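1. Provided below are the primary sequence and the corresponding predicted coordinates.
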Amino acid sequence: MSGRDPEADLLDVLDAQDEGGAEPRPALRSAVLGSIAPGTKLAGFTERLAALFDLAGTRAEELIHEAGGLAADWEAFPVAGVRLFHLAGGARVAGADCGLVRLEPGVRFPSHRHAGDEWSLILAGEAEEEGTGARWLPGDLLHREAGSVHAYRVVGAAPLVFAVVLHGGIQLEGD
């Protein structure tokens, strides 16, 4: 890492991952995230959040603050331990359901089918997809195509928080 701001270093690591560069080692990712001062850990995601939701940087900064807590605007989801924060995205994501999702440690999000494409940016915590064993960490950008089905579980002691742009909704499956 350089002598620059740790948040800038984290953005470089994540940008390299997005551009098909080598996947950063989990220890490196943890070290960079751990070097960021408490209360600002999510600030490094401001630009990516603004791009995902097609919003101005100032609005993305507000959302970063929101993602760090559970204000009154978060609503319960039909799965225990899951809360949602809905928001209006910009013109590029008009018609999509945009928001933040928070799952408490140990929560299993059941098998569900995507009616349309979904893009998710992991902001905090860690999850493991059932069936594939894929692990999702802060900074991972996930894409689910229409018709895809999966389930996952939050692993570790921290809540999983992610930003989502969902076209067409999801349908929970009985499993």
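-> Sure, I can see it. Numbering: from 1, shown residues only.
2. and the nearest residue to residue 82 once chain neighbours are set aside, how many neighbours?
-> Spatially, and ignoring its direct neighbours in sequence, residue 82 is nearest to residue 103 (5.2 Å; C-beta to C-beta, 6 or more residues apart in numbering). No exception for glycine: its C-beta is placed from N, CA and C like everyone else's. Residues near residue 103, counting by other C-beta atoms under 10 Å, number 23.
3. and residue 103, bridged to which residues?
-> Beta-bridge pairing for residue 103 (DSSP bridges): residue 82, residue 160.
4. Need the contact partners of stretch 58-71.
-> Contacts of stretch 58-71 with the rest of the structure, by C-beta atoms under 8 Å, 6 or more residues apart in numbering, involve 39, 41-43, 45-47, 49-50, 53, 55, 73, 83, 85, 87, 100, 102, 123-124, 161, 163.
5. Could you check it and say which residues are buried?
-> Within stretch 58-71, the residues scored as buried using 16 or more other C-beta atoms under 10 Å are 59, 60, 61, 63, 64, 66, 67, 68.
6. and the residue nearest to residue 82, what pLDDT?
-> Among the per-residue scores, residue 103 holds a pLDDT of 95.
7. That one touches residue 122, doesn't it?
-> No. Using C-beta atoms under 8 Å, residue 103 makes no contact with residue 122, being 11.1 Å away.
8. Quick one: residues contacting the residue nearest to residue 115 when sequence neighbours are not counted.
-> If the residues on either side of it in the chain are set aside, residue 115 comes closest to residue 168, at 3.4 Å by C-beta to C-beta, 6+ apart. By C-beta under 8 Å, 6+ apart, the contact set of residue 168 is 114, 115, 116, 117, 146.
9. coming back round to it: can you tell me which of the contacts of stretch 58-71 are in strands?
-> The members of the contacts of stretch 58-71 that map onto strands under DSSP state E are 83, 85, 87, 100, 102, 123, 124, 161, 163.
10. And those residues, which two are furthest apart?
-> For these, the farthest-apart pair by C-beta to C-beta is 87 and 124; their separation is 17.3 Å.
11. List just the nearest of the contacts of residue 168 to residue 93.
-> Of all the contacts of residue 168, residue 93 sits closest to residue 117, with 10.7 Å by C-beta to C-beta.
12. quick one: the residue nearest to residue 115 is in a helix?
-> No. Applying DSSP: H, G, I helix; E, B strand; the rest coil, one finds residue 168 to be coil, outside a helix.
13. What's the separation between it and residue 62?
-> Distance of residue 168 to residue 62, given as C-beta to C-beta, to the nearest Å: 27 Å.
14. ok, now residue 54?
-> Noted for residue 54: a distance of 15 Å to residue 62, by C-beta to C-beta.
15. same deal with residue 173?
-> Distance from residue 173 to residue 62, by C-beta to C-beta: 35 Å.
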